[in-house]
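# Here is a sequence with its predicted model. Questions after.
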Amino acid sequence: MLRKYIYILLLAGTGAICLPSCKKMLDVESHRAVAEENMWQTKNDAWAGSFACYGLVRAALVNENAYWVYGDLRGGDFTITKRGDLQAVTENKLTSNYTTMDSWRDWRRFYAAVDQCNVSIENLPKVPGRDYRYSTSEMKLDLAQVRVLRAFLYFYMVRVWGDIPFLTQPSGGDFGNVAKTDQKTILAFCVSEAQAAYKDLPWRYNGKFPEAPGDYRGQADSHFAGITVTKGIALDLLAHIYAWQHEYEQAASYCDQIVDNQKSSEYALVTTNDLTRLDGVFRGRTTNNIFQVDMNVDHAEYATTGQLEDWTLREPHIPKKESEIYISKDSIIDIFNETGDNREDYYFTRMDEEHPEFYKLKQLNSIMTNPPLRFYTSAVSIYRYEELFLLRAEARNALGRIEDAITDLNLVRAQRGLQPLASPQSKEDLVNYILQERRRELMGEGWRWFDLVRMGKLKEYTNLTEQDINNGAAYWPISKSAVQQNSQLEQLNYWK
């Protein structure tokens, strides 16, 4: 059974700690948890409850590298060295019998996060009447954050599993027999939630916006950059929800709102060096990331697993003789095929060896020297500024605004040493240019598979047929345990 308050005391002061044991903690009763009847009485309870939502979002995304499994491995760019479970993912054999595969099919961690959001949304409005130190305005800000987090979770699950059970009330960890809800209904809810939350969110937590005056939770603005939900995050989520449904006019409009408010948000494009260097963008807390899931070593937030680096790096960077995954030389040459593209030099090393090392993400720190132990502190970069312009280029192109789309595309290309792109022959040509630029720019950031699905390119880049896709092959199968426990769930036809 899922436990609602596993992380609450861990989160009360500094945020969630994602240690190697966090996988087990989701399935084990916590003896340090605050009893429900004693919770939601004070300002600290409110903070702890909303912080827990962030912690459980992170636990869902990084457990067994799930974020990269769902977003990158199925896309076909990475080659597997030895691991059968990773090879099964790349070959779309998602019902294979591996422990890790069981974890990736299992949505319980996502629903644990959803449940904590539901609990918080139900109880946060009660706290101002119980503790005068917790103002109504502060409650509205915390509530708005949680509502956007819940919308993000549902949008993410819909992209992974398609139609899913839909819960907006606390479940106590026992979901019972809940049937699937059509994903269009869920996404409409996500839109309404993000739109409603937007008005109570600031652009930044620098004390200059009426939604968050002063030092929020006693911390400076740099503490929250890209982590705590803002107007920009809500708008970016809305843009992606609409783009997923091919409602590109709305998607473009929400992208415009973010770009037009750059002076408030201070979002910025980044050089390739600053994107990839140690303590660069993937270290997090920069204005280049619109939304990230943080791993802050200063607050003892770190992991020895759960990061892409654990699969891509090898000696001397980490104590592994061979990387689990790599991108072949032929693929690198094919993907980075334009003169002047500086990403190849920054994304890869050891090009003279049989297996190049994917070195784009490399946020490594040492925790001890005897014996040596390396751990990862890279943030999960969910939305960053370059991705926003590539999304807007896609939306503008779909609307027939070809020159505007090329302008957005060229902004990103200029950051990477490429010459401006001239007008293509057709709208479809530009779709391919945008898809290729997303492939290069966002490699290893959890986008490739979802891009192929959204842009209708699965048949071109995978072995799936139109019938396969119609039968649910683009989604992950539901775990056997979920089907066994819920008699109203039915497996997708493709995975039966």
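Good, I have the coordinates.
# any weak-confidence spans in the stretch 1-150 of the chain?
Low-confidence segments of the stretch 1-150 of the chain (pLDDT under 70): 1-37.
# all strands for it, in order.
Under the criterion DSSP state E, counting those that start in this stretch, the stretch 1-150 of the chain carries strands at the ranges 79-80.
# can you pull out the helices in it?
For the stretch 1-150 of the chain, the helices defined by DSSP state H, counting those that start in this stretch occupy 8-14, 22-25, 43-62, 66-71, 84-90, 99-105, 108-123, 136-161.
# Would you format the ones you listed as JSON lines with mean neighbour count and distance to K320 included?
Placement of C-beta: from N, CA and C, glycine included. Formatted as JSON lines, these follow (neighbours: other C-beta atoms under 10 Å; distance: least, C-beta to C-beta, whole Å):
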{"stretch": "helix 8-14", "mean neighbour count": "17", "distance to K320": "29"}
{"stretch": "helix 22-25", "mean neighbour count": "16", "distance to K320": "20"}
{"stretch": "helix 43-62", "mean neighbour count": "24", "distance to K320": "19"}
{"stretch": "helix 66-71", "mean neighbour count": "23", "distance to K320": "17"}
{"stretch": "helix 84-90", "mean neighbour count": "19", "distance to K320": "14"}
{"stretch": "helix 99-105", "mean neighbour count": "18", "distance to K320": "17"}
{"stretch": "helix 108-123", "mean neighbour count": "24", "distance to K320": "26"}
{"stretch": "helix 136-161", "mean neighbour count": "22", "distance to K320": "28"}
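# Tell me which of the ones you listed lies nearest to K321.
Nearest of the helices of the stretch 1-150 of the chain to K321, taken as C-beta to C-beta: helix 84-90 at 16.9 Å.
# Not counting the closest one itself, show me its contacts.
69, 73-74, 76, 78-80, 94, 96, 98-101, 104, 311, 324-325 (C-beta atoms under 8 Å, 6 or more residues apart in numbering).
# Let me see the contact set for D256.
R392.
# Can you classify it by secondary structure?
The three-state label given to D256 by DSSP: H, G, I helix; E, B strand; the rest coil is helix.
# returning to that earlier point: any of the contacts of helix 84-90 buried? List them.
Neighbour counting with 16 or more other C-beta atoms under 10 Å marks 69, 73-74, 76, 78-80, 94, 100-101, 104, 311, 324-325 as buried within the contacts of helix 84-90.
# quick check, nearest of these to N432?
Nearest to N432 among these, counting by C-beta to C-beta, is G76 at 15.9 Å.
# Find the nearest non-adjacent residue to the closest one, please.
Y461 (6.0 Å; C-beta to C-beta, 6 or more residues apart in numbering).
# Around that neighbour, how many other residues sit close by?
By other C-beta atoms under 10 Å, the residues close to Y461 number 16.
# and it, what does it touch?
Y461 neighbours (C-beta under 8 Å, 6+ apart): G75, G76, L452.
# Please tell me I have it right and the first one contacts K457.
Which is G75. No. Contact criterion C-beta atoms under 8 Å: G75 and K457 do not qualify, at 10.1 Å.
# Report the set of residues contacting both of the two.
Joint contacts of G75 and K457 (C-beta under 8 Å, 6+ apart) are D451.
# Same drill for the two, tell me which one is more crowded.
Comparing G75 with K457 by other C-beta under 10 Å, the one with more neighbours is G75, at 21 against 14.
# what's near enough to touch that one?
Applying C-beta under 8 Å, 6+ apart to G75 gives the contacts R448, W449, D451, L452, Y461.
# Would you check how far apart the last one and N471 are?
Right, Y461. Distance of Y461 to N471, given as C-beta to C-beta, to the nearest Å: 18 Å.
# Repeat that for the second one.
In this view, W449 and N471 are 17 Å apart by C-beta to C-beta.
# Now do the end-to-end distance for stretch 207-224.
12 Å (C-alpha to C-alpha, to the nearest Å).
# average pLDDT for that stretch?
Averaging pLDDT along stretch 207-224 gives 90.
# Just confirm Q169 contacts N118, I think it does.
Yes. Look at Q169 against N118 with C-beta under 8 Å: they come within range, at 5.8 Å.
# tell me which of the buried ones among the contacts of helix 84-90 is nearest to N365?
Minimum distance to N365 across these is 17.9 Å, recorded for W311 (C-beta to C-beta).
# helix or strand for the closest one, which one?
Per DSSP states H and E: W311 is located in helix 309-312.
# Pairing partners for the next helix or strand after that helix, with directions?
With elements assigned by DSSP H and E, the helix or strand that comes after helix 309-312 is strand 325-326. Applying DSSP bridges, strand 325-326 is found paired with strand 79-80 (antiparallel).
# Pipe the buried ones among the contacts of helix 84-90 into TSV and attach distance to T185 per row.
Listed next are the buried ones among the contacts of helix 84-90 as TSV, based on distance: C-beta to C-beta, whole Å:
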residue	distance to T185
V69	27
L73	29
R74	26
G76	32
F78	34
T79	39
I80	37
L94	25
T100	32
M101	29
W104	25
W311	36
E324	38
I325	36
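# Quick check: of the residues you listed, which lies closest to L421?
Taking C-beta to C-beta as the measure, L421 sits nearest to G76 out of these, at 24.3 Å.
# and that closest one, what does it touch?
Contact analysis of G76 by C-beta under 8 Å, 6+ apart lists T90, R448, Y461, T462.
# 7 Å instead?
Applying C-beta atoms under 7 Å, 6 or more residues apart in numbering, we find G76 in contact with T90, Y461, T462.
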